[in-house]
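Undergrad: Build me a structure from this.
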Amino acid sequence: MQVSMASFEQNFESAEEILDQADYLYGSGETEKLYQLLVQHKNSEDAELLWRLARASRDLAQLSRTSAEEKKQLIYEALEYAKKALEKNESNFAAHKWYAICISDVGEYEGIKAKIASAFIIKEHFQKAIELNPKDATSVHLMGIWCYSFADMPWYQSKIAAVLFATPPSSTYEEALHYFQMAEKAEPNFYSKNLLYLGKTYLKLNNKKMALLWLTKAKEYPAHTEEDTQVQKEAVELLNSIQQELKY
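TA: Residues are numbered from 1 along each chain as shown. Purely as a prediction, here's the structure:
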């Protein structure tokens, strides 16, 4: 009995060390090293490790140097890891969050019909993540993205949604704004994309003054990642178009 307890404690410490190392690598932006560390433990029973592996797989897929074929493989891998994390612990908010993110990513490969069909599942898991941890700004932000996407849905997608569901998924820019503001309140200036979407949503609501404020914040946000650089670029383009409009 003593031997098995000692073994358990050793494994527990080992798992803690892996998570600490993983969080350090994530904070340092060492995407490839992080993936290599975690993928060695892909058969783990630990939800904390598995959702981090899902995130690392997805982050590796997003890198510009990752080939299209590798990207697709990593996206599907990420979904499997997130699904397994959720199976291991349904009370883990991050497992719900990453499961929803990964379902959405896979939808990009399976066509618009499949993507819309999974919309309610994605929403349900983002809502569960927020319920389990209301202070997680990223989950709240992603719920805002969900709302923005359905408020901004093109007419042909709306027609597909109407065929698939008796009551199709829908939302408003006001609802999206609520979540983006809520995310910013939970953790101010936590994510360049939240600043960008606050600006974009205010623009959709025809509030150019507030749009300029948030798009300027997005433009001035320090670029730590490739995504931050893309956000800056989009913010600059939107600011230029607003300023052109204001001239006339």
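
Undergrad: quick one: low-confidence ranges for this protein?
TA: Low-confidence segments of the chain, defined by pLDDT under 70: 1-13, 248.

Undergrad: how about a cut-off of 50?
TA: 1-13 (pLDDT under 50).

Undergrad: how about the helices of the protein, start to end?
TA: Counting by DSSP state H, the chain forms helices over residues 2-27, 31-39, 47-62, 68-88, 93-107, 111-117, 119-132, 137-151, 155-164, 173-186, 192-204, 208-220, 226-247, given from the N-terminal end onward.

Undergrad: For those, give me CSV that also has mean neighbour count.
TA: Quick note: C-beta positions are derived from backbone N, CA and C, even for glycine. CSV is the format used below for the helices of the chain (neighbours: other CB atoms under 10 Å):
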stretch, mean neighbour count
helix 2-27, 12
helix 31-39, 19
helix 47-62, 24
helix 68-88, 19
helix 93-107, 24
helix 111-117, 16
helix 119-132, 19
helix 137-151, 23
helix 155-164, 13
helix 173-186, 20
helix 192-204, 24
helix 208-220, 18
helix 226-247, 14
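
Undergrad: Next one: the residue lying closest to Asn89 once chain neighbours are set aside from Ala15, what distance?
TA: Spatial nearest neighbour of Asn89, excluding adjacent residues (CB to CB, 6 or more residues apart in numbering): Ala47 at 3.7 Å. Spatial separation of Ala47 from Ala15 under the definition CB to CB, to the nearest Å is 11 Å.

Undergrad: dump the residue contacts of Thr201.
TA: Residues near Thr201 by CB atoms under 8 Å, 6 or more residues apart in numbering: 144, 148, 173, 176-177, 180.

Undergrad: Which residue is the nearest non-sequential neighbour of it?
TA: On the basis of CB to CB, 6+ apart, the spatially nearest residue to Thr201 that is not a chain neighbour turns out to be Leu177, at 4.7 Å.

Undergrad: Kindly report the same for Asn194.
TA: Leaving aside its sequence neighbours, Asn194 sits nearest to His141 (CB to CB, 6+ apart; 4.9 Å).

Undergrad: I'd assumed Ser192 was in contact with that neighbour.
TA: No: counting by CB atoms under 8 Å, Ser192 is not a contact partner of His141; they are 10.9 Å apart.

Undergrad: circling back: the residue nearest to Asn89 and Tyr81 touch, don't they?
TA: No: the pair formed by Ala47 and Tyr81 falls short of the contact definition of CB under 8 Å, at 10.2 Å.

Undergrad: is it true that Gln157 touches Gly111?
TA: No: with contact defined as CB under 8 Å, Gln157 does not reach Gly111; the gap is 11.3 Å.

Undergrad: residues touching Phe150, list them.
TA: In this structure, Phe150 makes contact with 119, 169-171, judged by CB under 8 Å, 6+ apart.

Undergrad: Next one: it from Gln36, what distance?
TA: As for Phe150, its distance to Gln36 is 37 Å (criterion: CB to CB).

Undergrad: how many neighbours does Ser28 have?
TA: Other residues within reach of Ser28, judged by other CB atoms under 10 Å, total 10.
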